[in-house]
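K.L.:
One predicted model, sequence on top.
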Amino acid sequence: GQQVMQIPQYQHVQEGEDFTTYCNSSTTLSNIQWYKQRPGGHPVFLIQLVKSGEVKKQKRLTFQFGEAKKNSSLHITATQTTDVGTYFCAGLLEGSSGGSNYKLTFGKGTLLTVNP
Amino acid sequence: EAQVTQNPRYLITVTGKKLTVTCSQNMNHEYMSWYRQDPGLGLRQIYYSMNVEVTDKGDVPEGYKVSRKEKRNFPLILESPSPNQTSLYFCASSLSIHLMSSGANVLTFGAGSRLTVL
């Protein structure tokens, strides 16, 4: 079935270093969403990318959607301890039967830890 | 405040004792979904509902049941819990999973329900 692969599974950085997590899909996505889950918390929506090649920024976070709409990345510049958590991508795929049958599939997430 | 409310937040139970985890949203969302989160496995979808009286299996539906009799509620039922259902469960909702307009298919998650089956 449809899968969204996310790497790396874990990333430990020193505060101030950059961080990137990547998502790849075997099929073309309608859009891709990114969520952040703080330790002990629940996933919280960060951003949605819809257009091919789209790039969006939120302060130190840069999100990209690939030209083929099969891959995406989240890059954090100069990490801070507040960036700690698990980052999930979620790809929205239109069902093969057409109509309004969409499915949102989550990657397994990347756990980011930051050493102060 | 717009939110998704799950209960209970924590539960320890024994094998075979039926339990229900409730989920309620106050945003008039059409789409609701249940996920379980296990270490190394990310978020796996159990069941989802596109609207009232419309439910469908996700990726890991075995051992679970759901119902959607009202728009705001989407309870998760474990008829005969087993230890492999020990997990962290999240309910989530969105206005509509297939609408591409900004924000319409963004998920709002509940705080989570940690279930232990002995």
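P.N.:
Everything's here; your move.
K.L.:
Show me the shaky parts of chain A.
P.N.:
Applying pLDDT under 70 to chain A flags residues A:1-2, A:95-101.
K.L.:
Swap in 50 and give it another go.
P.N.:
Confidence mapping of chain A against pLDDT under 50 gives the ranges A:98.
K.L.:
who in chain B is up against chain A?
P.N.:
Contact residues (Cβ under 8 Å from any Cβ of the partner chain) of chain B with chain A: B:33, B:35, B:40-45, B:50, B:59, B:90, B:92, B:97-98, B:100, B:102-103, B:105-112. The way it works is simple: take the backbone N, C-alpha and C, and place the C-beta from them, glycine included.
K.L.:
can I assume residue B:34 is in contact with residue B:64?
P.N.:
Yes: contact criterion Cβ atoms under 8 Å: residue B:34 and residue B:64 qualify, at 7.4 Å.
K.L.:
Which stretches in chain B count as strands?
P.N.:
Applying DSSP state E to chain B gives strands spanning B:4-7, B:10-13, B:19-25, B:31-38, B:42-51, B:54-57, B:65-66, B:76-78, B:87-94, B:108-109, B:113-117.
K.L.:
filter the residues of chain B next to chain A to the buried ones?
P.N.:
Neighbour-count burial within these applies to B:33, B:35, B:42-45, B:50, B:59, B:90, B:92, B:97-98, B:105-110, B:112; the criterion is 16 or more other Cβ atoms under 10 Å in any protein chain shown.
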